[in-house]
Every structure is written in structure tokens, then in C-alpha cells.
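> Here's a sequence, model it:
(one chain, ligands or ions: 1)
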Amino acid sequence: MAKQFKPETLCVQAGWTPKKGEPRVLPVYQSTTFKYDTSEQMARLFDLEENGYFYTRLQNPTNDAVAAKIAALEGGVAAMLTSSGQSANFYAIFNICQAGDHFVCSSTIYGGTFNLFSVTMKKLGIDVTFVHPDAPEEEISATFRPNTKALFGETVSNPTLEVLDIEKFARIAHNHGVPLIVDNTFPTPINCRPFEWGADIVVHSTTKYMDGHATSVGGAIVDSGNFDWDAYADKFPGLCTPDESYHGLTYTKAFGKMAYIDHVIHHLFLEIQGNHCGMNGLHRIRGILACQCWGNELRRLLGCPP
Ligand SMILES: Cc1ncc(COP(=O)(O)O)c(C=O)c1O
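Numbers count the residues shown, from 1 in each chain. Now for the predicted structure:
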């Protein structure tokens, strides 16, 4: 659906495709748990041998439908909702960085994210170097180390409204064999789709323009599916080597292009949490429709062609 329709249509239609006899409108699955007939069925879900819902701490059908809508709008292969934008930013980095690792980040980002990266993540042993996004490529490249695992920036920075040169950042990241993660909160996919400019992962605080009604704090992580984790398997052992928690399953082998998102869901959300209830997912749907209006209004204000 993502490639065939305009964003306006995706805002309304993507993410929920009811089958015969199912509700036309996305239902709110306000349930902690999901029912199965046998413990063997549950065991297969727990061992990731089958897909399905069993506990909202990991996944919830309403949230997944909203995430699928956001993935379609961004042009990604997989997405997930998080309890806030801060949560999205935390998991986007923590999913591929562990104690002893390092990442590089634009210095013009939202203050809460700056503090999360420079203070809180340092306490977890993850180091960050901030670079001015307008610095020359060589200067930014010089900050990369052998243990650098990601490059991070904001499409349009909060609050300074600096526009990120995504192509430049993607080039630098890829020259160093790491993904570019872009916080696309401000423009929303209605105004900018960072994957089209080379970004690998997109994060959102859906609390802002994507919510549009100021009713629910939330976030999202979207994967373009373009970064080849296995090509740099030594850098990303969490995704590319067997995981003891799941009897030696390797995420890139088991989930292919969905490996990054599935690792957040089945490893980090399983153990730490970061999701929200189905009702908040529903509020997001209303917001995404409003975000289409925000996009059109912004383009009108800027004098862009319709
Ligand atoms: C660009 C950006 N990213 C992330 C966040 C954090 O999002 P939340 O408030 O949903 O945790 C904000 C909040 O203002 C933001 O502006």
C-alpha cells in the first residue's frame, strides 16, 4: 500500500485491513492478555516459532495497526509504538549499543534527548560525541571510533529549527558501517520522509504533531529495512549472533528485514517495557489524520505547490 497511494490516503486507509466480517474501524484491544487453547500454542509464541499476541507489554493489535500506518507513511518495512518520544529515542540507541559502545549525534536536538544521551546513557556505559550538523564531513567523520554504532540527528531540530542535511549524515554513517537514525517529529512523514534521503531508522515523538490533539504521550520507531546488519555483524552482536534468551535464535536470520524492530519488541520490551495501552494507540489514529491537515497547512504557509 505504501508505494501505491498518496500520504493523504495512507493516513486514512493504511495499517488496518479488515477481513470479511471484521469491524471497518480499527477496534481498541484494551486487553493485557490474549487467549489460546493450549499451553503448547503459548509455548510456540514464547519461543518465537509463531507470530501472535500474548501480552500487551510486548505487542497489542491496536498499537500494531497504528504502527503499520506510520510505517506506510514513512515508507518503512516495520514500525512499533513506544510509550513516549523519549522512549523511542532510548530504545532506538539501546537496541544496538551496549556498555562500552559509542555513538555520534547532532548537537542541535531536543534538550530532553540531549540529556538522555549525554547524562543518562553515559550511566549505562554508552558514550556520545556531539557534532554540529553543519560541520564539514571530515570533521564529523573524525569523531567516529572503532566502537561507534550509530549516527543520530533531528530532521528539523527542536527548538532551533535547523534542517538536517540527511544525505550528508547518511553518507557519513554508511562510510563507517553504522545506521543513521533520524528523529522526524517536527516535519512528520507528511512533509519529509527521511528514508528517501538515506536514513535507516526513523523515530518520532507522536506526542506532538502526529497526535495533533494533545491527548496522549507516545512515540514510534520505524525501520527502512535498508541497513545490512549482517554486513557489520561484529558491530551488532545483539542482532547478528545467537540470543540465549530464545534458545540461540539469531534475529537477522529469524526476522530478516524486521530484525531491528523485533529485537526491541521481543528482547527489550519483554524485559523492560516501553509500550502503551490500546486506547492510546487509538488516539494516535485521530492524530495521524490531523497531521495530514498540519502538513497541508504548513505547505500552504510556506507557499509550496499543492
Ligand atoms: C524532536 C523531539 N524528540 C523527542 C521528544 C520527546 O518526546 P516525548 O515528549 O513524547 O517523550 C520531543 C519532545 O519535545 C521532541 O521535540
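> Residues contacting the helix or strand hosting E40, please?
Assigned by DSSP states H and E, E40 belongs to helix 39-46. For helix 39-46, the surrounding residues in contact (Cβ atoms under 8 Å, 6 or more residues apart in numbering) are Y36, E50, N51, G52, F54. (C-beta placed from N, C-alpha, C; glycine too.)
> mind listing what the residue in the stretch 1-150 of the chain positioned nearest to the ligand touches?
Nearest to the ligand in the stretch 1-150 of the chain, going by Cβ to the nearest ligand atom, is G85, at a distance of 2.3 Å. Residues in contact with G85 (Cβ under 8 Å, 6+ apart) are Y110, D183, T185, V203, H204, S205, T206, T207, K208, V217, G218, G219.
> and if you look at G52?
Contacts of G52 (Cβ under 8 Å, 6+ apart): F34, Y36, L45.
> which SS class is F152?
Secondary structure assignment for F152 (DSSP: H, G, I helix; E, B strand; the rest coil): strand.
> Can you tell me which residues in this structure are near the ligand?
84-86, 89, 110, 112-113, 154, 158, 183, 185, 205, 207, 217, 219 (Cβ under 6 Å from any ligand atom).
> Secondary structure class of A220, three-state.
strand.
> For it, which non-adjacent residue is spatially closest?
H204 (4.4 Å; Cβ to Cβ, 6 or more residues apart in numbering).
> What of I285?
Once flanking residues are discounted, I285 sits nearest to V66: 5.8 Å by Cβ to Cβ, 6+ apart.
> swap in V128?
Counting by Cβ to Cβ, 6+ apart, V128 lies nearest to F117, which is 4.7 Å off, once chain neighbours are set aside.
> Does that neighbour touch A92 like I think?
No: with contact defined as Cβ atoms under 8 Å, F117 does not reach A92; the gap is 10.9 Å.
> Now do the phi/psi pair for the closest residue to L161 other than its chain neighbours.
Using Cβ to Cβ, 6+ apart and skipping the chain neighbours, the partner closest in space to L161 is F186 (7.9 Å). The phi/psi pair for F186 (degrees, to the nearest 10) reads phi -70, psi -50.
> Assess the claim that F186 and P159 are in contact.
No: contact criterion Cβ under 8 Å: F186 and P159 do not qualify, at 9.9 Å.
> ok, those two, which is more surrounded?
The neighbour count for F186 versus P159, taken as other Cβ atoms under 10 Å, is higher for F186 (21 against 9).
> residues contacting that one?
Taking Cβ under 8 Å, 6+ apart as the criterion, F186 is in contact with E154, T155, V156, S157, N158, L161, K208, Y209.
> Can you report how many residues lie near the second one?
Each residue near T155 was counted by other Cβ under 10 Å, and the total is 22.
> Let me know the secondary structure of the residue nearest to V128.
helix.
> That one and G21, how far apart?
From F117 over to G21 the distance is 48 Å, taken as Cβ to Cβ, to the nearest Å.
> quick one: which of the two has more around it?
Legend: neighbour count by other Cβ under 10 Å for F117 and G21, higher for F117 (21 against 5).
> Show the pLDDT at the more buried one.
The model reports F117 with a pLDDT of 98.
> For it, give its distance to V28.
Taking Cβ to Cβ, one finds F117 at 34 Å from V28.
> The residue nearest to A220 falls within a strand, correct?
Yes: counting by three-state DSSP, H204 is located in a strand.
> Just the local confidence number for it, please.
97.
> In contact with it, which residues?
I70, G85, A88, D183, N184, T185, T188, M210, G219, A220, I221, V222.
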